[in-house]
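Novice: let's see this in three dimensions:
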Amino acid sequence: MPADLAGWVPTSGAIGLMLATFWLVYTGKLVPGRIHNEVRTDRDTYRAAAETALKASAEMSSQVSRLVGAVEQLTTTQHETLKLVRSLVPAAPLPPERTAA
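Specialist: As a prediction, the model looks like this:
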């Protein structure tokens, strides 16, 4: 108990002590145990959810990196295949245009 309250409590009596307790609760300097436990439970729940989300995000980032590598490899392979097909198949002449008579 702070020194400034030590001399004040005996002279004010039970009502003064009740008012001091009310004031401490009202200003947030004294928190009921039930509310304290609720806040701790909420904090632990949100912390666990955040950790799970961070792990999932890291795993997704890893998978995206692997997918990007696979797409780059597929694109390179398709370009090489297209070049090979173009070199094997001669360019066909375009068919004559048909006009309506």
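
Novice: any stretches of this protein with poor pLDDT?
Specialist: 1-12, 100-101 (pLDDT under 70).

Novice: what segments of it are strands?
Specialist: Taking DSSP state E, the chain contains no strands at all.

Novice: and the residue nearest the centre of it, how far from residue 61?
Specialist: By C-alpha atoms, centre = their mean, the chain has its centre lying nearest to residue 53, at 5.5 Å. Residue 53 sits 12 Å away from residue 61, going by C-beta to C-beta, to the nearest Å. Quick note: C-beta positions are derived from backbone N, CA and C, even for glycine.

Novice: do the same with residue 55
Specialist: From residue 55 across to residue 61, the span is 11 Å (C-beta to C-beta).

Novice: what's the neighbour count on residue 59?
Specialist: 10 (other C-beta atoms under 10 Å).

Novice: my bad, residue 17
Specialist: Counted with other C-beta under 10 Å, residues neighbouring residue 17 total 14.

Novice: check which helices and strands the lengthiest helix in the chain sits against.
Specialist: Scanning the chain for the longest helix, with DSSP state H as the assignment, gives helix 33-88. Using 3 or more C-beta pairs under 8 Å, 6 or more residues apart in numbering; DSSP states H and E, no helix or strand is in contact with helix 33-88.

Novice: tally of neighbours for residue 46?
Specialist: Residue 46 - counted by other C-beta under 10 Å - has 10 other residues nearby.

Novice: my bad, residue 16
Specialist: 14.

Novice: roughly how far does it sit from residue 22?
Specialist: Remark: distance between residue 16 and residue 22 (C-beta to C-beta) = 11 Å.

Novice: overlap in contacts of those two?
Specialist: Between them, residue 16 and residue 22 share no contacting residue under C-beta atoms under 8 Å, 6 or more residues apart in numbering.

Novice: and the residue nearest to the centre of the chain, how close does it get to residue 16?
Specialist: Here the criterion is C-beta to C-beta. By it, residue 53 lies 50 Å from residue 16.

Novice: I appreciate the help and will end here.
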